[in-house]
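Asker: need coordinates for the following:
(3 chains)
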Amino acid sequence: MGFPHPSHSKETVVLSRYFGDAGARTYDGWVERGGYEALKRALAMTRDAIVEEVKASGLRGRGGAGFPTGLKWSFMPKDVVKPHYLVCNADESEPGTFKDREIMRWTPHALIEGCAIAAYAIGAERCYLYIRGEFTEPWKVMSAAVEQAYAMGALGADALGSGKRVDIVLHRGAGAYICGEETAMMNSIEGKRGNPRIKPPFPAVAGLFGMPTTINNVETLSAVPHILNRGAAWYKALCLGNPKSTGTKLISICGHIQRPGNYEVTMGTPVKEILYDMAGGPKPGRTFKAIIPGGSSVPIMTREEAEAALFDYEGIVEQGSMLGSAGMIVMDDTTDMVYQIWRLARFYAHESCAQCTQCREGTAWTTRILERILTGRGKQDDFQLLLDLCDNMTGKTICVLSDSCAAPVVSGIQKFRSEFEAYIAGAREPAMAVV
Amino acid sequence: MTSHQAHGSHGATPAAQDPVFVGETRTKLEELFARYPTKQACLLPALWMVQEVRGWISETDIGEVAEALDLTPAYVKGVVTFYTMYHTHPVGRHFIQVCTTSPCNICGAEDVVKALLAATGCVELGATSPDDRFTVIEVECLGACGFPTPIMVDDDFIEDVTPDKVAGILQRFP
Amino acid sequence: MADELVNVTIDGMPVSVPKGTPIIEAAKQAGVLVPHYCYHPSLPSPAVCRMCLVEVEKAPKLMPACVTSVVEGQVVHVNSASAKKAREGVLELLLINHPLDCPICDQAGECELQDYVFQEGRAGTRYAEYAKRYSPVEDFGPDILYVPNRCILCTRCVRFMEDVADAPVLNVSERGDRAYIGISEEQKLDHAWSGNVVDLCPVGSLLSKDFLHKARAWDLDKTASVCPGCTQGCNVSIDTRDDVVIRIRPRPNLEVNRHFMCDYGRANYRWMNRGDRIEAPLVRDGARHTATDWDTALARFEQVLRGASGSAVILATGRASTESLGLVRRLVDRFEVAAAVQVPLGEEAPLSGVPNLALRRERAPNLAGAELLGYTPQWAAAMRQALSAAVVIVLDADLDQADEAALAAAPGMVVLLGTVIADALRNVELVLPVTTMAEENGTYVNRDHRIQRYQQAKSQPGMARPAWWIAGEVLAGPGPSADAPSTAAEAFELLGERWPVFAGLGHGDIGYTGRVLRTGSAPVPGRAEGAAR
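Answerer: Model (predicted):
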């Protein structure tokens, strides 16, 4: 549901059903709402059967990459001769995205259940739940819920009386966007700087503490209990035409919009319906100018592109961007695109881990060029320079942070060039003073 | 290399301090050891404990953490400076973080920053107010973009902050 | 174990390399240098500088050559347009904050940033935003300065201290373009092997205080040598300018020291530059010495040996070459001989990341060689015997005052083959000027019985000659003789006649990475042949 707003009739409410319902936060409350049935069911199944069920559901990673979840689980070595780990990625830091936060705040046991099922399915000795440091409230809610789940016997040496051991450890981040990247997260849990690692080796081979590891996003894992409860076929059927994108998806909508919040839709819903019907459209007297559909790291869409798109992994790609984390940043006609692109570049420059040259120096330089344009000292050559710099920053580094910095800059120049031209030509008042 | 200079005006830490990891805190740390296969993995939680006790993490504290986890001070320092939530210099009694990344930025976050600076008396971002009460910093995306502008005052996460609400919020943090 | 070979083509050149070889190493086999900064063959590869990106056919994007292993049939283009553009991009980014202070930078001339920018960088920068970042120079340790402005964050230094020295005293601090190499205020960079970070630094960011502003790299003459510091036998380069030794740096030998040397060895060169050297043969004439020519001096030496009988003692420096030790020993073959080699002792300092590499307790580079030639490290016993011997030959030994006094009072004939002369020995029978190891060619045998050659790095002072030359001339008898060796290689060949372990071996067989001698005895545990990976 469109928390904090009432549910809209065009939503398909599965994960978000209990958002805003404080009763769902407690163990008893969760059980009353049908909780822990899925875990019970899972613990009675074989590991392979769970993996097959998730594969059949078509569930894909909700963190941004959209990798098939069941397939990811199947990469884990079958014979557990050394420890295996599950990591739940609750480092939600992608600008524009705030869905995992609500899952943790309102339905912590849904996540615990999802973690427990996944941990059992991949033979994980332990699940580390990595929550970003700034999420103090979700941390408190999750801590209390995990404690309760242990106390009630849902976790621990004999989970739900199954004789099987399931452990969850909460791990708090400390302020680093890049730790949302899975290999950086593993380093962070290991007590290191959150530097992304070179792949291969892939986490399923040598991940956390060098052991086979699976990393899943909060929303992905929270969907798993529903799949086990209601069957893969049900989940797979939640799809409006494109069988590659199934299930429901939480969309965070923010920016210049009437009703910002989290909306849950079936994959394939037209973006236009989401923007206008569910989220209420632009503020009075304004029109949309640009939409960044998948968190700040994806190319910016024009209003026309966004409104023509269907909301699923492939539908957004067709219109020149990516679904990403489904954090939709909406900008209306009052927005200074150059200024906001500069602000995004500054974000990436701040968050670069400093490993790769192109990212460390490139994100900072990009920021400075944009800053110079905003002070009214831009030059025509700056377009070529920015595009060339962004080319050097794309596809050349260990992780995609520098690509993410380049995406809004390149798409911004392509789609909103006249706004840059206005600063360069002096037709627009400088947005910044020369320092 | 601004991290080398403590620019907070907060009083200096006394030269001789009791270690952090004694008594209950020590027990808490040792309980953590059981949850991870390596001592090193307890570094982030251990640093959080230090910050909770001290308010910030000094060179001396870094030395203590290093010793407790069989690491070197340089190693620990490399990690501390990577994560922006660890304070490497003293800050005000209340630490205010304002999200100004794009989604909040387009909804007026910079005005909230201005209002906070004015109301707290902090001369600039990162500086501590003369009465040692507040330090205000800008922070990158707090992950509550649907509730602009979110701010954090210490561990309190406050949503939907607008300039006119600033005075009322600050009153809650004497 | 035969390695499985993989066939790849690099810039058109087909090569076969063992499976698992990174492209960057395979490219070396093909004669192609892939420009790189963070990669180093003796360190783990983080693939962070992104300089070694190469085009691999069928790969969707450029691949880092340092961590991408070769695959059968792979076709690699190091110098394709896309790879070159990527490198040009990295170079431009590395330069935006790099000062243009090459004229005062010690690294200039051997700087990989300078080299690659010159080779394939842009002619000018497009960075026009701000002044370059500036941070002050920092003192990292007894011999090391950090110049953050020049740092390109390749992290070789951090990885060396962490992964090789097992002493993580350096870190990367902060992040983004604010990052720099950090150190704790409490723990300085004073590890016994820390000087290696200066060599590893591809730019002029980590500097040796000892070498600071002493010389320009292009003015240095580099000579392949072996460290005279201990029994490890690290391969080194002695760098001289105008015949003065300016620094000693490691020379790669994967079997002995990989790419490293210890700080003790690095600092151990000042004696090579001593000015107070004996420059001419001195013969005793009553109560004083008279300088003379070699013919006279050699004749006198021969006389001394011929006129004596009974016992002879040799007191030799541990830095003497195999050639000198051998031929000097042969001089006294008809005597009852006690031959001792001087072995100062110190603390052992291993480099934990490299098996069988340490600064050894025994601070004598040729102890093993001396032992093969019949010398022992029993110095005190030899000193006692010297007090009753008919002939005592001192071969450049470093004598303490008590030893000097004892020798001065010894009843036998004392012949000093030395580089310097102590006042107490001003009345010895004969003083013959010899060269130091820096002034001659020769060989040392290290503790694993690996014999290694070193080359003459500077000219000898005055009339000084290698000790083997003196001994060879005396052995050949008076007057010009074709039998006397005129080169170290010829001297070496004379050893085989007397000591079978050297038989059939010549300098040419030893090469520049050395050769393990067949000594017949089992290697000492932990000294296995080629154990250093």
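Asker: what's the longest strand anywhere in chain A packed up against?
Answerer: Secondary structure of chain A per DSSP state E: the longest strand is strand A:248-255. Applying 3 or more C-beta pairs under 8 Å, 6 or more residues apart in numbering or on different chains; DSSP states H and E, we find strand A:248-255 packed against helix A:99-106, helix A:218-230, strand A:261-266, strand A:327-332. Quick note: C-beta positions are derived from backbone N, CA and C, even for glycine.
Asker: angle of that strand against helix A:99-106?
Answerer: Strand A:248-255 runs at 110 degrees relative to helix A:99-106, counting by axes from the mean of the first three to the mean of the last three C-alpha atoms, to 10 degrees.
Asker: on the three-state scheme, residue C:453 is what?
Answerer: strand (DSSP: H, G, I helix; E, B strand; the rest coil).
Asker: buried sites along the longest strand of chain A?
Answerer: A:248, A:249, A:250, A:251, A:252, A:253, A:254, A:255 (16 or more other C-beta atoms under 10 Å in any protein chain shown).
Asker: per-residue pLDDT, the fourth one?
Answerer: Per-residue confidence at residue A:251 stands at 95 (pLDDT).
Asker: now it: how far from residue A:309?
Answerer: 12 Å (C-beta to C-beta, to the nearest Å).
Asker: check the fifth one too.
Answerer: The spacing between residue A:252 and residue A:309, counted by C-beta to C-beta, is 17 Å.
Asker: check residue A:52 too.
Answerer: Residue A:52 is 32 Å from residue A:309, by C-beta to C-beta.
Asker: again with residue C:146
Answerer: Counting by C-beta to C-beta, the gap from residue C:146 to residue A:309 is 52 Å.
Asker: what does the stretch 1-150 of chain A have sitting close to chain B?
Answerer: For the stretch 1-150 of chain A, the residues in contact with chain B (C-beta under 8 Å from any C-beta of the partner chain) are A:4, A:83, A:92-98, A:101, A:126, A:132-137.
Asker: and residue A:52 and residue A:309? Which one has more around it.
Answerer: For residue A:52 versus residue A:309, neighbours defined as other C-beta atoms under 10 Å in any protein chain shown are more numerous around residue A:309 (24 against 17).
Asker: what sits against the more buried one?
Answerer: Residues counted as contacts of residue A:309 (C-beta atoms under 8 Å, 6 or more residues apart in numbering or on different chains) are A:270, A:271, A:293, A:301, A:315, A:316, A:318, A:319.
Asker: redo that, cut-off 7 Å
Answerer: A:271, A:315, A:316, A:318, A:319 (C-beta atoms under 7 Å, 6 or more residues apart in numbering or on different chains).
Asker: equivalent analysis for residue A:365, please.
Answerer: Applying C-beta under 7 Å, 6+ apart, the residues contacting residue A:365 are A:389, C:96, C:127.
Asker: can you rerun that using 8 Å?
Answerer: A:389, C:93, C:96, C:127, C:129.
Asker: and the furthest pair within those residues?
Answerer: C:93 and C:129 (13.0 Å; C-beta to C-beta).
Asker: neighbour count: the two, which is higher?
Answerer: The neighbour count for residue C:93 versus residue C:129, taken as other C-beta under 10 Å, is higher for residue C:93 (26 against 15).
Asker: which stretch of helix or strand covers the more buried one?
Answerer: Assessed by DSSP states H and E, residue C:93 sits inside helix C:81-95.
Asker: and the helix or strand just after that helix, what's its mean pLDDT?
Answerer: The helix or strand immediately downstream of helix C:81-95 is helix C:112-120, counting by DSSP H and E. Helix C:112-120 shows an average pLDDT of 96 in the prediction.
Asker: over to stretch C:62-79?
Answerer: 97.
Asker: name the residues that touch it?
Answerer: A:198, A:395-396, C:6-11, C:17, C:19-24, C:26-27, C:32, C:34, C:36, C:38-39, C:45, C:47, C:50, C:52-57, C:82-83, C:86.
Asker: gap between the residue of chain B most remote from its centre and chain A?
Answerer: Here chain B reaches farthest from its C-alpha mean at residue B:37, the gap being 27.6 Å by C-alpha atoms, centre = their mean. According to C-beta to the nearest C-beta, to the nearest Å, residue B:37 stands 5 Å off from chain A.
Asker: let's see the pLDDT reported for the residue of the stretch 201-350 of chain C found nearest chain B.
Answerer: In the stretch 201-350 of chain C, the residue that lies nearest chain B is residue C:205 (14.0 Å; C-beta to the nearest C-beta). Looking at residue C:205, its pLDDT reads 98.
Asker: give me the residue from chain C nearest chain B.
Answerer: residue C:171 (2.8 Å).
Asker: can you give me the strands in chain B?
Answerer: Under DSSP E, chain B gives strands at B:94-99, B:134-139, B:151-153, B:156-158.
Asker: stretch C:477-488: how far from the chain's middle?
Answerer: 31 Å (C-alpha atoms, centre = their mean, to the nearest Å).
Asker: list the contacts of that stretch.
Answerer: C:298-299, C:302, C:321, C:323, C:327, C:440-443, C:466, C:468-469, C:472-473, C:475-476, C:491, C:493-494, C:507.
Asker: hmm, try it at 6 Å
Answerer: Outside stretch C:477-488, the residues that touch it by C-beta atoms under 6 Å, 6 or more residues apart in numbering or on different chains are C:299, C:323, C:441, C:442, C:472, C:473, C:476, C:491.
Asker: cool, stretch A:14-28 as well?
Answerer: Outside stretch A:14-28, the residues touching it (C-beta under 6 Å, 6+ apart) are A:1, A:3, A:29-30, A:33, A:102, A:106-107, A:148, A:152, A:222, A:226, A:248, A:264.
Asker: for that stretch, measure first residue to last.
Answerer: 20 Å (C-alpha to C-alpha, to the nearest Å).
Asker: and it, what's buried?
Answerer: A:14, A:15, A:16, A:17, A:18, A:19, A:20, A:24, A:25, A:26, A:27.
Asker: so how far is it off the chain centroid?
Answerer: Here stretch A:14-28 is found 21 Å from its chain centre; the criterion is C-alpha atoms, centre = their mean.
Asker: taking the mean pLDDT, what do you get for it?
Answerer: 95.
Asker: what's the answer for stretch C:496-506, then?
Answerer: Computed over stretch C:496-506, the average pLDDT equals 94.
Asker: could you dump it to CSV, C-alpha only?
Answerer: Extracted as CSV, the C-alpha positions of stretch C:496-506 are listed here (Å, rounded to 0.1, in the frame of the first residue of the first chain):
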residue,chain,number,x,y,z
GLY,C,496,88.1,-26.3,-8.7
GLU,C,497,91.6,-27.9,-8.6
ARG,C,498,91.7,-27.8,-4.9
TRP,C,499,88.0,-27.8,-3.9
PRO,C,500,85.9,-30.2,-6.0
VAL,C,501,82.6,-28.5,-5.1
PHE,C,502,83.7,-25.7,-7.6
ALA,C,503,85.2,-28.0,-10.2
GLY,C,504,83.9,-27.6,-13.7
LEU,C,505,82.1,-24.4,-12.8
GLY,C,506,82.9,-21.0,-14.3
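Asker: quick one on the thing from earlier: of the contacts of residue A:309 - the most surrounded one?
Answerer: residue A:316 (25 neighbours).
Asker: that one is in contact with residue A:323, isn't it?
Answerer: Yes. With contacts counted by C-beta atoms under 6 Å, residue A:316 reaches residue A:323, the gap being 4.7 Å.
Asker: same list (the contacts of stretch C:477-488) but as JSON lines, adding pLDDT, neighbour count and secondary structure.
Answerer: Shown next, in JSON lines, are the contacts of stretch C:477-488 (pLDDT from 0 to 100; neighbours: other C-beta atoms under 10 Å in any protein chain shown; DSSP: H, G, I helix; E, B strand; the rest coil):
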{"residue": "C:299", "pLDDT": "95", "neighbour count": "17", "secondary structure": "helix"}
{"residue": "C:323", "pLDDT": "98", "neighbour count": "32", "secondary structure": "helix"}
{"residue": "C:441", "pLDDT": "98", "neighbour count": "22", "secondary structure": "coil"}
{"residue": "C:442", "pLDDT": "98", "neighbour count": "30", "secondary structure": "strand"}
{"residue": "C:472", "pLDDT": "96", "neighbour count": "25", "secondary structure": "helix"}
{"residue": "C:473", "pLDDT": "96", "neighbour count": "26", "secondary structure": "helix"}
{"residue": "C:476", "pLDDT": "93", "neighbour count": "15", "secondary structure": "helix"}
{"residue": "C:491", "pLDDT": "97", "neighbour count": "27", "secondary structure": "helix"}
